[in-house]
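J.: Quick one, structure for this:
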Amino acid sequence: MSAPMPQPARPSTMSVALQAYPVDEGLSAFFLQQRRLLRRYLLAQGCADSDCDDIVQDAFLIVRRRWATIAYYDDPKAYLYKVAIRLWRRHDTRNHRGGYRDDHEDYLAALADPVDVTAAVELTDMLIDWFRQLPDRQRDVAGLRLVADLSEVQTAEILGVSVGTVKSQLNAARKTLRRLNDRDERTGCGRPGQKGDLL
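T.: Below is the predicted model:
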């Protein structure tokens, strides 16, 4: 009698997923180029620092699943931002309805805050506060144009508005940001040099 044939090991779920959506160099480069900008954009939109990384990760996972198609888009960056905006709005709506059932805010608040030492430029708390004071449309446009560094056409496509609307809302946002900067400098709250090149 012969010994039974060994059965091949069943592949893990993770290896099946990796084979289904292989990571190519283009996706890796896209991720490395866009992740910090996307995180900065979400912070400027009012997303909690603790939630930004989760939303960025989820957005890139969605892009990864569709990368074979998205890689050939004229502007994959615009698609990434559309996905992230939808995820952020869904997350924000869920939080306003009472949050998640498994919130661990007390536990997370007690932990040390991780710092991204590779981030070359971080938005200051003052700039984030100023962005949060902008009207919604101005904040959306200013975040995409100034923080995420998208073109007027890309911003218009993502928000579903005309290029003229993007220009006028950006101009209004810049005026509001200058006014907030001037107010803070007059009251002594502002620190010189904090506004950067956004204004």
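J.: Tell me which residues touch Val141, please.
T.: 155, 159, 165-166, 169-170, 173 (C-beta atoms under 8 Å, 6 or more residues apart in numbering). (Each C-beta comes from the backbone N, C-alpha and C, glycine too.)
J.: what's the farthest-apart pair in those residues?
T.: Farthest apart among those by C-beta to C-beta are Leu159 and Ala173. That separation is 13.0 Å.
J.: So which of those two has more stuff around it?
T.: Higher neighbour count among Leu159 and Ala173: Ala173, with 25 against 18, using other C-beta atoms under 10 Å.
J.: The strand or helix carrying that one: which residues count as buried?
T.: Following DSSP states H and E, one finds Ala173 within helix 163-187. Using 16 or more other C-beta atoms under 10 Å as the test for burial, helix 163-187 gives 165-166, 169-170, 172-174, 176-177, 180-181, 184.
J.: helices and strands around that helix, which ones?
T.: With contacts defined as 3 or more C-beta pairs under 8 Å, 6 or more residues apart in numbering; DSSP states H and E, the packing partners of helix 163-187 are helix 125-133, helix 136-142, helix 152-159.
J.: Tell me what angle that helix forms with helix 152-159.
T.: Relative orientation of helix 163-187 versus helix 152-159 (axes from the mean of the first three to the mean of the last three C-alpha atoms, to 10 degrees): 100 degrees.
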